[in-house]
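In: Curious how this folds, go ahead:
(2 chains)
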Amino acid sequence: MRRYVVLISLLTLLIGLTVWITNLEWIKEGVYKPFTWGDILNCTRTHLEMVLIAELIAISIGVPLGILVTRPGLKKLATPVIGGANVGQSIPSLAVIAIMAPILGFGLQSAIVALFIYGLLPVVRNSYAGINNIDPAIVEAARGMGMTKGQIARKIELPLALPVIMTGIRISTVITVGTAELAVLVGGAGLGRITLTGVFSLQPLTILQGAAPTAALAIILGFILERIERRMTSRGLRVKAEMS
Amino acid sequence: MIKLDKVTKVYPDGTEAVKEVSLEVGKGELCILLGPSGCGKTTTMKMINRLLPISGGQIYINGLDNTKMDDNELRRNMGYAIQQIGLFPNMTVGQNIETVPELKGWPKAERRRRAEELLELMGMDPNEFMDEYPNELSGGQCQRVGVARALGADPPILLMDEPFGAIDTITRVRLQDEFLKIQQEIKKTIIFVTHDIYEAIKMADKIALMKEGQLVQYDTPANLLYRPKNEFVENFVGTDRALKGLQLIRVKEVMTSSPPRVKSDEKVGAAREQMEREGIDWLVVVNDDGKFAGWVDKADLGRGDRVRSIMGHSVMTTTVNTVLNEALSLMLSYGLENLAIVTEDNRLQGVVNFGVIRKALTELTQRRQSE
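Out: Modelled structure (predicted):
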């Protein structure tokens, strides 16, 4: 209950801030062309689109990849894959995005590829950990009872790993919403257009006009994904999490 | 039913975990693989359901070489219960128990009926527990569900790897007793792994004592205790062989079955007369319906006029299937001279005291030595 109060106050604050700044009369009379409601909605939509596309690619590659390297035959690949993803994450996001422009040219595609690469790690790492941390006794019991490999994966391993995998997706999405602010540097769009305009023209209120909706977006997406995560978690796993 | 013929297990790194173990388990027998940790007992068991591939020798199930069978088919016809229990935490108790029936394609209604039946067999109310999740159960309840799951599709063979290992002593003893009672009904062929010699002596028809991968002695519990094949067996059995022998005797074999008793609403005078008549200084107190109520001691006779007002309310009782070792342990821990033996609905069946236990032990030792 307390979490909801914090969440809603924070959202009200962020959205209220955006509304207040956008409606300020004197900003419209300033030296530069101010951002209107239309701009903000457009930028939010593009921002969301970039995040969702990059995230969908990260999930469809990251989840299978993380799970595959837990399989007996491919275990040797776990260290390089997880290590590689770790290194990727340690490169500053600005660098990852910037390097895409010379490779793929300026435009939305460069932004999306950079965001996908940057969002991949939490998805891969959590998919790997989710499967790898299952109590071996449970898998052995399943084997001893005559389940096939496919049945073990489908009925035991995936349901048990799902909460951890979903957490990875949620973390990755929230991070990507933030990183997407920089997409505008390589010819992408999104709320970064507003924020960075504010930065370069030294207008703190304009910075907020872009930053506040970005934060609100991250909070809302995080909240939705958390609800989905809870819904997908078996009650048998949920009670335990609440008790510990 | 199960025959191991020179079964050997060599790991890729060259360690010989099991060396030419041969033994035969008859239908309906409970065979315990016993030994210190690392002796190869679990490895031996896992080769029976082929969780581990065999390196040499053969294992026959009903005369058929188990390497000629389909792995999963083989395992679905052998119940499997392990120490860590390994219940599937994402499934309810019912779904856990229904696992193998479902793999075998039983219809849903039949699976559910079987799960209800097994929960009842384990002394758990199906209405209460069927839809619970494993993390909502106590350790003892989890173990019970683990055994119920192993019995799911009514397999003729059960493999149990320390199934009562991870729980406190009191619960373990109770689960052992319950399981022995169930086994008398279901008569499964069981391979049971443990390192606990008390558990082995109490439960086994036959014990296979292993050491460093080799089978040292394969014998009945009594022979293992009283006719150890070599020094290792003797040391493993230990110097308190007499105490362990008590695991072989059940209360019903030695108890005084019609102990001197008095009704709780009798006058104290009547109790005094009875004690003098029988030359003893205690009586069991029962209620009108024959249920056990407590004890009355000669020293307390002067303290009131009705038996009810002077009797001691000892609630500690046990049943006829308890082994003497546990009965003795109860008497020592609760400071009892006499232990009341009651039915499940608390009706008095008999009494056990130190004298009776000593006599039983002397007879057992003499009989073993004269054989």
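In: wait, what's in contact with the residue nearest to the spatial centre of chain A?
Out: The residue lying closest to the centre of chain A (Cα atoms, centre = their mean) is residue A:173, at 1.1 Å. Contacts were defined as Cβ atoms under 8 Å, 6 or more residues apart in numbering or on different chains; by that measure residue A:173 touches A:51, A:55, A:119, A:221, A:222, A:225. Yep, even glycine has a C-beta here, placed from its N, CA and C like the rest.
In: Make CSV from those and add neighbour count and distance to chain B to it.
Out: Output for these, formatted as CSV (neighbours: other Cβ atoms under 10 Å in any protein chain shown; distance: Cβ to the nearest Cβ, whole Å):
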residue, neighbour count, distance to chain B
A:51, 27, 30
A:55, 25, 26
A:119, 28, 27
A:221, 19, 26
A:222, 16, 25
A:225, 19, 20
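In: Restricted to helices, list those residues.
Out: When those are checked against helices (DSSP state H), the matches are A:51, A:55, A:119, A:221, A:222, A:225.
In: any idea which of the residues you listed is least confident?
Out: Lowest-confidence member of those: residue A:119, scoring 89 (pLDDT).
In: Residues of chain A that sit close to chain B?
Out: By Cβ under 8 Å from any Cβ of the partner chain, the residues of chain A that approach chain B are A:135, A:137-138, A:140-148, A:151, A:155-156, A:159-160, A:234-237, A:239-240, A:243.
In: Look at residue B:321 and give its secondary structure.
Out: Here residue B:321 takes the coil state, with states given by DSSP: H, G, I helix; E, B strand; the rest coil.
In: What of residue B:262?
Out: Assigned with three-state DSSP, residue B:262 falls in the strand class.
In: Am I right that it is in contact with residue B:272?
Out: No. Counting by Cβ atoms under 8 Å, residue B:272 is not a contact partner of residue B:262; they are 10.0 Å apart.
In: Please identify which of these two sits among more neighbours.
Out: Just comparing residue B:262 and residue B:272: by other Cβ atoms under 10 Å in any protein chain shown the higher neighbour count belongs to residue B:262, 22 against 16.
In: if I pick the more buried one, what's in contact with it?
Out: With Cβ under 8 Å, 6+ apart as the criterion, the residues that contact residue B:262 are B:270, B:271, B:274, B:283, B:284, B:285, B:286, B:296, B:307.
In: On the pLDDT front, check it for me.
Out: At residue B:262 the predicted local distance difference test score is 87.
In: how close does it sit to chain A?
Out: The span separating residue B:262 from chain A equals 51 Å under the rule Cβ to the nearest Cβ, to the nearest Å.
In: can you check residue B:93 too?
Out: Distance of residue B:93 to chain A, given as Cβ to the nearest Cβ: 10 Å.
In: burial measure for that residue, as a count.
Out: Close neighbours of residue B:93, defined as other Cβ under 10 Å, add up to 28.
In: ok, it touching residue B:135?
Out: No. Counting by Cβ under 8 Å, residue B:93 sits too far from residue B:135 to count as a contact (11.0 Å).
In: okay, and the common contacts of these two?
Out: When contacts are counted by Cβ under 8 Å, 6+ apart, the set common to residue B:93 and residue B:135 is empty.
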